[in-house]
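Asks: structure here, sequence nowhere to be found:
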């Protein structure tokens, strides 16, 4: 596997997901009016999002719904191709609840709804704007955190000499819906703010900007373990010895190891056990396009135990010292397994829309791969999870609807001539170990069932 992917557009397909009905033509919303938008987003909401994508300045307060981020990514890409104006990252500010305020709502073994919304908002904003500037990390000026819990979303735009504010509110999810109801599980309410309230909001926004602090995402980096003279056996190759922190998506120093959590998603089907892979493309990955990969995620500082409840110092050296102290001043400073589990849960939600308890994730081992042509490495913690399938809730069906870039491949066919050329680095270079340690005990397909699953 090469550069582990951020979910640059896992939310891109999410708005297709929830069996929404097409909304009626209601006309463009006027001041103070509201329109209920069922997922997927309809034409009236699209008109508002077009304004946001083309605005001169944008301020977002709260948590941006994943539906909006998905459509903003698509609208922005289309406008770029057409040579039309699009908002620049430097002209956007995203104000969201502070990480340490959100983390207290995390469930004991899962993310929970509030954390899901917060993650989807931060990731959605970053992924919407990051492709516009591929070499410079989008941090600091883009993301800000404030000391309160506000999970709705207000978007202020400035364009053609006019200020406007639009509220995007997600109604609570319902576990059960009548069979004859056309209302989807998630409903989005969109309201245009009247002009007199827009002026009041502008005063509030100035105060918020003065008090908010930059929300800087930093990823963990490791150093090579040179304590052993003999090569480590396959599956026990990577020891996550902490080296430093680095701004999200920045260039890494030579001879460093990027720690990555990887999840092998398995699903029982009528044709036997299958593995769910991601089709890597320019909207969901940085490189290795047109290959199939397992889902993966880098380790961020907020994955480290205690870092969210008491934020780390903005200075990297001081932050490292704080992490070391919180870990009990160990002689050997390593990333704990719990950090890899948290990153795995975050990526399972972003890629599949699933909130998987950490107790269902099975650790199989670690792998260390060099990145061809570079003096850097990728260190993997490899987990697996088997999806639950029942009449009450089919996790496989949910994942496939949530993310259209997922593909089902039967385990027994994964390394066939049809699929092997499309597999990415980790799947190809650790094929024997993966087959022996991860895939060898899964049930074989029933006899006589040879149809392809698509």
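Replies: Alright, I've got the coordinates. From a predicted model like this one, the values you see are computed outputs, not experimental measurements.
Asks: burial check on residue 125, number of neighbours?
Replies: Neighbourhood size, residue 125 [other Cβ atoms under 10 Å]: 25. Every residue, glycine included, has its C-beta placed from N, CA and C.
Asks: my read is that it contacts residue 69, right?
Replies: Yes. Look at residue 125 against residue 69 with Cβ atoms under 8 Å: they come within range, at 6.5 Å.
Asks: from residue 220, how far off is residue 381?
Replies: Residue 381 is 12 Å from residue 220, where distance means Cβ to Cβ, to the nearest Å.
Asks: got it, and residue 167?
Replies: 37 Å.
Asks: quick one, which of those two is more surrounded?
Replies: Using other Cβ under 10 Å, the more surrounded residue of residue 167 and residue 220 is residue 220, with 24 against 16.
Asks: name every strand pairing with the helix or strand harbouring residue 96 and say which way it goes.
Replies: Assigned by DSSP states H and E, residue 96 falls within strand 92-97. When sheet partners are counted by DSSP bridges, strand 92-97 sits next to strand 57-62 (parallel), strand 143-146 (parallel).
Asks: after the first one, heading C-terminal, what element do we hit next?
Replies: So the one you mean is strand 57-62. Later in the chain than strand 57-62, the nearest helix or strand by DSSP H and E is helix 66-81.
Asks: next, count neighbours for residue 303.
Replies: Other residues near residue 303 come to 25 when the count uses other Cβ under 10 Å.
Asks: how about residue 165, nearest residue that isn't a chain neighbour?
Replies: The shortest distance from residue 165 to any non-neighbouring residue, by Cβ to Cβ, 6 or more residues apart in numbering, is to residue 193 (4.0 Å).
Asks: you'd agree that neighbour is up against residue 167?
Replies: Yes. Residue 193 lies in contact with residue 167 (Cβ under 8 Å); the separation is 6.6 Å.
Asks: break the chain down into its domains, please.
Replies: Structural domains assigned to the chain are 11-214, 218-439, following automatic domain parsing.
Asks: flag whichever of the ones you listed has the least confidence on average.
Replies: Mean pLDDT is lowest for domain 11-214 out of the domains of the chain, coming in at a mean of 76.
Asks: which stretches of the chain form helices?
Replies: For the chain, the helices defined by DSSP state H occupy 43-54, 66-81, 99-102, 113-129, 195-211, 316-326, 337-352, 395-402, 425-429, 431-434.
Asks: in stretch 209-217, what's buried?
Replies: Using 16 or more other Cβ atoms under 10 Å as the test for burial, stretch 209-217 gives 212, 215-217.
Asks: how about stretch 110-124?
Replies: Buried-residue list, stretch 110-124, by 16+ other Cβ under 10 Å: 110-111, 114-124.
Asks: burial of residue 50, as a residue count?
Replies: By the criterion of other Cβ under 10 Å, residue 50 has 17 neighbours.
Asks: give the contact list for residue 275.
Replies: 264-267, 294, 408-411, 414, 439 (Cβ atoms under 8 Å, 6 or more residues apart in numbering).
Asks: how does it look with 10 Å?
Replies: Each residue near residue 275 by Cβ atoms under 10 Å, 6 or more residues apart in numbering is listed here: 264-267, 292, 294, 384, 407-411, 413-414, 427, 434, 438-439, 442.
Asks: how much does the longest strand seen in the chain deviate in direction from helix 395-402?
Replies: Counting residues, the longest strand found in the chain (DSSP state E) is strand 256-269. Strand 256-269 runs at 120 degrees relative to helix 395-402, counting by axes from the mean of the first three to the mean of the last three Cα atoms, to 10 degrees.
Asks: tilt between strand 256-269 and helix 337-352?
Replies: Between strand 256-269 and helix 337-352, the angle comes out at 60 degrees (the same axes, to 10 degrees).
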